[in-house]
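Student: build me a model:
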Amino acid sequence: MSKNPDDEILSLLADMTEKEIEQYLLSLDEDEHREVLKLLANAPIWFPLEGPQMAAYLSTADVIGYGGAAGGGKTDLLAGLALNIHKRVLIVRREKAQTDGIVQRIEEIVGHKNGFNSQKSAWRLDNGRLLEFGGLDNIGDEKRWQGRAHDLKALDEATEIRESQARFIMGWNRTSDPSIKPKCLLTFNPPTTAEGRWVLDYFAPWLQKGYPNPAQPGELRYFAMIGGKEQEVEQPEQFVLVDGEPCYEFDPEQFKPEFIIKPKSRTFIPARVTDNKYYMETGYMNTLQSLPEPLRSQMLYGDFGAGIEDDPWQIIPTAWVEAAQARWKPYEEMRVLNRGVFEMDSYGLDVARGGRDETIGYARYQHWYADADLLAGADSLDGPRVASFAVGNTRDHAPIHIDVIGVGASPYDFLNQSGIHVVPVDVRQSATSFDRSGQLSFFNLRSQLWWQMREALDPAYGSIVALPDDPKLLADLTAPRWSLQGKNIKAESREDIVKRIGRSPDRGSAIIMAQMDTPKRHIMQMVHGSRARREYDPYE
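Tutor: A predicted model of the protein is given here:
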């Protein structure tokens, strides 16, 4: 990036210590001294470091991800954008108390705390800028900012924030000032818990291993909602959907504005402590080098592949699910391996509960699970439609296991009345078995099903279960926790999971029902028929 002389002087001063600046000013003649002072009077209050911090500061992306390793200057980038470029700023952390460190850093930069209202957590600066600080401690806290326009939405340590809350906050990023481009800034280190994995999916082109078209640091990619799903699109131009596919050649006069989709740009810029000369001078890198693994690799190198620590009460360990996903092969390969005999044994169905939820179905063939079948929530409003979806995705007389709590009751009734082999599953009912050891029972059927999935994936018993390589399935299967009440294993309730992570593990709920081993109706009828004949024909 070329610089004019004024920028070069500012950059030079930004790299100096206070004593070096003082010596520099003393070396100037009167006219030079006057020009420098005039320049400093109009200079930005903060100047980014050359490298990743500068790239993120100047990025034109709608959503900027920044960080990776510790010490990359994430807080300073956030403060610099808020103080130099944007006028109405919202800065949030998972807990409101955690924003105190950001306030303190901004105070260090501006040299005072004038205009800061601690009760309202708002800072109104002399130049008219408004900085607001908030926390997302509980589900629903994000709604405090509904309709509140900010031209910078900054989510600090985004891996600690629930995905649903993060997306809600970013949805209100706008401004009425045409001179300012609204932006969202997400700063974060690699996630240390399963709940923070959502950023790997959100910034998949940069962070997800095996992504089919990986992106370079700082490269702009474009995303849009298509059919209720967020997808990467090839072009930044607006489009309409024709037969479910983007169409860029269209007449805007022929479409209502709400049907014209404008993709949003996104980028990720990695930063490490070696990019921050101030931290390097204070020996911070030595501190990071002394951390135990995998924290050392996460914080020193920004390694998003380093081990994510499971909660000690997580029902299914993350590594077990990843191993099952690594065993997965396409359906046709499985048919060949089974010499063409590869029938569907069970189908699990979790019905959408409204909103953005999807009706999700999983088919199981022996130990192999197919990719999820999805029906948009808007198309799940009546029982017959959901029933038709389920029937259309089952084969080989496989029984359909459906959650009948609430909205699942209607499609169950329709399937049952139609003579389809459907099994009602009410996870609130009593358990029907013990754990593998035979020593522990279960709080309810829900706890039993989740624990049986754990046992099926346990590598100590030679698990051969193969699960589709879906990050959302991985997140769902690793979401629930458990507790021991006497000799009863109790799985965390759906409601408690939603309170903790901000979403329901619907894919996990569907797949644990697909694991249920219900004999097929036509086989049982044949067996019972043979028994009946033996009663009448002793020579059978």
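Student: lowest-pLDDT helix or strand in the protein?
Tutor: Every helix and strand in the chain was compared by mean pLDDT, DSSP states H and E; the lowest is helix 295-301, with a mean of 55.
Student: how about residues contacting stretch 144-153?
Tutor: Stretch 144-153 has contacts (Cβ atoms under 8 Å, 6 or more residues apart in numbering) with 81-82, 85-90, 92, 132, 134, 168-170, 172-177, 180-185. Just so you know, the C-beta spots here come from the backbone N, C-alpha and C atoms, and that holds for glycine as well.
Student: keep only those of the residues you listed that are in helices.
Tutor: The helices, defined by DSSP state H, take in 81, 82, 168, 169, 170 from the contacts of stretch 144-153.
Student: a markdown table for these, including distance to residue 399 and neighbour count?
Tutor: A markdown table is the format used below for the ones in helices among the contacts of stretch 144-153 (distance: Cβ to Cβ, whole Å; neighbours: other Cβ atoms under 10 Å):
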| residue | distance to residue 399 | neighbour count |
| --- | --- | --- |
| 81 | 56 | 21 |
| 82 | 57 | 26 |
| 168 | 39 | 17 |
| 169 | 43 | 26 |
| 170 | 42 | 17 |
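Student: make a markdown table from those residues and add distance to residue 394 and pLDDT to it.
Tutor: A markdown table is the format used below for the ones in helices among the contacts of stretch 144-153 (distance: Cβ to Cβ, whole Å; pLDDT from 0 to 100):
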| residue | distance to residue 394 | pLDDT |
| --- | --- | --- |
| 81 | 52 | 95 |
| 82 | 54 | 95 |
| 168 | 36 | 93 |
| 169 | 40 | 94 |
| 170 | 39 | 93 |
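Student: between those, which is nearest residue 524?
Tutor: Proximity of the ones in helices among the contacts of stretch 144-153 to residue 524, judged by Cβ to Cβ, is greatest for residue 168, which lies at 48.5 Å.
Student: excluding covalently adjacent residues, which one is nearest to the closest one?
Tutor: Of all residues not flanking residue 168 in the chain, residue 142 sits nearest, at 4.5 Å (Cβ to Cβ, 6 or more residues apart in numbering).
Student: which neighbouring elements make contact with the helix or strand hosting residue 495?
Tutor: Taking DSSP states H and E as the criterion, residue 495 maps to helix 494-501. Based on contacts counted as 3 or more Cβ pairs under 8 Å, 6 or more residues apart in numbering; DSSP states H and E, there is no element that helix 494-501 packs against.
Student: chain center to the next helix or strand after that helix, what's the gap?
Tutor: Next along the chain after helix 494-501, taking DSSP H and E as the criterion, comes helix 506-514. The chain centre lies 19 Å from the centre of helix 506-514; the measure is Cα atoms, centre = their mean, to the nearest Å.
Student: next one: stretch 432-451
Tutor: When distances are taken as Cα atoms, centre = their mean, stretch 432-451 is centred 30 Å away from the chain's centroid.
Student: what's in contact with it?
Tutor: Under Cβ under 8 Å, 6+ apart, the answer for stretch 432-451 is 315-316, 425-431, 452, 455, 461, 480, 482, 484-485, 487-491, 493, 508, 512-513, 515-516.
Student: what subset of these is buried?
Tutor: 315-316, 425, 427, 431, 452, 480, 482, 489-491, 493, 508, 512-513, 515-516 (16 or more other Cβ atoms under 10 Å).
Student: what residue ranges in the stretch 351-500 of the chain score low on pLDDT?
Tutor: 354-356 (pLDDT under 70).
Student: over to the chain?
Tutor: Residues of the chain that meet the cut-off, pLDDT under 70, sit at 1-19, 21-22, 25, 33-34, 36-44, 69-71, 210, 273-309, 354-356, 527-540.
Student: swap the cut-off to 50 and go again
Tutor: 1-2, 531-540 (pLDDT under 50).
Student: got the domain boundaries for it?
Tutor: What automatic domain parsing lists as the domains of the chain is 5-41, 52-236+263-301, 318-523.
Student: would you list the ones you listed in TSV and tack on distance to residue 257?
Tutor: Output for the domains of the chain, formatted as TSV (distance: least, Cβ to Cβ, whole Å):
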stretch	distance to residue 257
domain 5-41	41
domain 52-236+263-301	15
domain 318-523	20
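Student: how about those, which one is nearest residue 243?
Tutor: Nearest to residue 243, of all the domains of the chain, is domain 52-236+263-301, at 11.0 Å by Cβ to Cβ.
Student: the spatially closest residue to residue 198 that is not a sequence neighbour: how many residues sit nearby?
Tutor: Distances taken as Cβ to Cβ, 6+ apart place residue 163 nearest to residue 198, at 3.9 Å, with adjacent residues excluded. Under the neighbour criterion other Cβ atoms under 10 Å, residue 163 is assigned a count of 20.
Student: my guess is residue 163 contacts residue 475, does it?
Tutor: No - between residue 163 and residue 475 there is no contact under Cβ atoms under 8 Å: 9.0 Å.
Student: what touches both of these two?
Tutor: The contact sets of residue 163 and residue 475 overlap at residue 198 (Cβ under 8 Å, 6+ apart).
Student: touching stretch 497-512 from outside, list them.
Tutor: In contact with stretch 497-512 (Cβ under 8 Å, 6+ apart) are residues 138-139, 162-165, 195, 348-350, 352-353, 357-358, 360-362, 369, 372, 403, 449-450, 452-453, 467, 470, 472-473, 475-477, 479-480, 492, 494.
Student: please apply the same query to stretch 404-421.
Tutor: Defining contact as Cβ under 8 Å, 6+ apart, one finds that stretch 404-421 is touched by 349-354, 380, 382-384, 386-387, 390-391, 397-400, 402, 422, 424-428, 520-521.
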